[in-house]
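# below are the sequence and a predicted model; questions follow.
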Amino acid sequence: QVRVAESGGGLVQAGGSRRLSCAASGSIFSIDAMAWYRQAPGKQRELVASITRAGSTNYADSVKGRFTISRDNAKNTVYLQMNSLKPEDTAVYYCNADLMPTYNRRSYVNYWGQGTQVTVSS
């Protein structure tokens, strides 16, 4: 079994910081791209940031300069450091990863975490 699990959500004041973590666990042979998405109430899920295995990153315009995505390949973990948080950053944040299980080394499979709530108060 393979799973992806987020942690680090919570309540934070506007202007504050929060660090989200996402760990992939189980019978994993390899991990390709990893990413963070978010979904606010009444809105579609949107890409926040992504990172390749080599470390190339991509950010939504709304978070550029405030959020930083990073990963630790040895720990199968991706992080999202969120600074200068705004009330409009309030959302459920989801981790997404392309994983290759040890029991199926033919292709990568896309996995989602269950999400972690981040609430930014004004």
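Good, I have the coordinates.

# nearest the middle, which residue of this structure would you pick?
Trp36 (2.9 Å; C-alpha atoms, centre = their mean).

# ok, it - contacts?
With contact set as C-beta atoms under 8 Å, 6 or more residues apart in numbering, Trp36 has these partners: 20, 22, 47-50, 69, 78, 80, 93-96. Heads up, the C-betas are built off the backbone N, CA and C, glycines and all.

# let's see it at 10 Å
Taking C-beta atoms under 10 Å, 6 or more residues apart in numbering, we find Trp36 in contact with 6, 20, 22, 47-51, 59-60, 63, 67, 69, 78-80, 82, 93-96, 113.

# kindly report the same for Arg38.
Neighbour list for Arg38: 20, 45-49, 60, 62-63, 80, 89-94, 115-116, 118 [criterion: C-beta under 10 Å, 6+ apart].

# what's the closest non-adjacent residue to it?
Leaving out its chain neighbours, the residue that sits closest to Arg38 by C-beta to C-beta, 6 or more residues apart in numbering is Ala91, at 3.8 Å.

# correct me, but the one you found touches Pro41?
Yes: counting by C-beta atoms under 10 Å, Ala91 touches Pro41, with 8.1 Å between them.

# these two: which is more packed in?
Using other C-beta atoms under 10 Å as the criterion, Ala91 and Pro41 rank with Ala91 on top: 22 against 7.

# which residues touch the more buried one?
Going by C-beta under 10 Å, 6+ apart, Ala91 touches 9, 37-41, 43, 45-46, 48, 115-120.

# nearest to Gln1, of those?
When the contacts of Ala91 are compared for distance to Gln1 (C-beta to C-beta), Gly115 wins out at 19.1 Å.

# neighbours of that closest one, just the number please.
Gly115 is flanked by 17 other residues according to other C-beta under 10 Å.

# what of Leu11?
By the criterion of other C-beta under 10 Å, Leu11 has 12 neighbours.

# is it true that it touches Pro87?
No: Leu11 is beyond contact range of Pro87, at 11.7 Å (criterion: C-beta under 10 Å).
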